[in-house]
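In: no sequence for this one, just the structure:
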């Protein structure tokens with residue numbers, strides 16, 4: 001075996017010592033290096049996963065808030081549309097009320113004007129009757145030569161006015 005060792009150039013005891021030394025370093029590194037590093041990596045991965053979950057939750061919350069905002073905006077738009085429609089309906093109703101009141105007032109004014117005109121016409125007719133009757137009375141007195149009584153006077157005036165009304 002001596003020649004073989006010389007040929008290869010490996011000493012059995014040196015190879016055994018290197019193997020044992022390598023195993024010792026492996027076990028020590030595993031206990032003090034690999035396990036703590038693996039634990040650090042696992043903890044960091046858990047922390048990152050937690051951050052992703054928090055981010056997903058925040059995204060979901062943001063989407064929910066956005067949906068709530070859209071719904072509230074839609075509700076506000078519907079409310080404003082309803083308020084505008086109600087205001088338009090009230091304005092239309094008020095307009096109709098004002099027009100109806102104005103028509104009533106105009107009708108009352110026209111009726112009052114017609115009554116006033118009728119009264120003025122009657123006053124004018126009565127004034128004309130009085131004046132005509134006094135003229136007719138004076139003429140009748142001059143023609144007849146006697147003084148007429150009030151009854152004669154009225155009958156004469158009425159007869160004269162009736163004659164005027166027939167001519168008109």
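Out: That came through, no problem. These numbers come from a predicted model, not from an experiment. Numbering: from 1, shown residues only.

In: what residue is smack in the middle of the protein?
Out: Central residue of the chain (C-alpha atoms, centre = their mean): residue 80, 2.7 Å from the mean position.

In: Poorly predicted segments of the chain, please.
Out: Residues of the chain meeting the criterion pLDDT under 70: 1-10, 136-137, 140-148, 164-168.

In: Would you map the helices across this structure?
Out: Taking DSSP state H as the criterion, the chain carries its helices at 2-8, 12-29, 35-144, 150-167.

In: buried ones in the last one?
Out: The reference is to helix 150-167. 153, 156-157, 160-161 (16 or more other C-beta atoms under 10 Å). The C-beta positions use only the backbone N, C-alpha and C, and glycine is treated the same way.

In: That helix versus helix 35-144: what angle between them?
Out: Helix 150-167 runs at 120 degrees relative to helix 35-144, counting by axes from the mean of the first three to the mean of the last three C-alpha atoms, to 10 degrees.

In: which helices and strands does helix 150-167 pack with?
Out: Under the contact criterion of 3 or more C-beta pairs under 8 Å, 6 or more residues apart in numbering; DSSP states H and E, helix 150-167 touches helix 35-144.

In: Please name every helix or strand in contact with the helix it packs on.
Out: Using 3+ C-beta pairs under 8 Å, 6+ apart: helix 35-144 touches helix 150-167.

In: do you know how far residue 126 is from residue 120?
Out: Using C-beta to C-beta, to the nearest Å, we find residue 126 at a distance of 11 Å from residue 120.

In: can you check residue 80 too?
Out: Distance of residue 80 to residue 120, given as C-beta to C-beta: 58 Å.

In: Then residue 48?
Out: Distance from residue 48 to residue 120, counting by C-beta to C-beta: 105 Å.

In: likewise residue 50?
Out: Noted for residue 50: a distance of 102 Å to residue 120, by C-beta to C-beta.

In: cool, and residue 92?
Out: Noted for residue 92: a distance of 41 Å to residue 120, by C-beta to C-beta.
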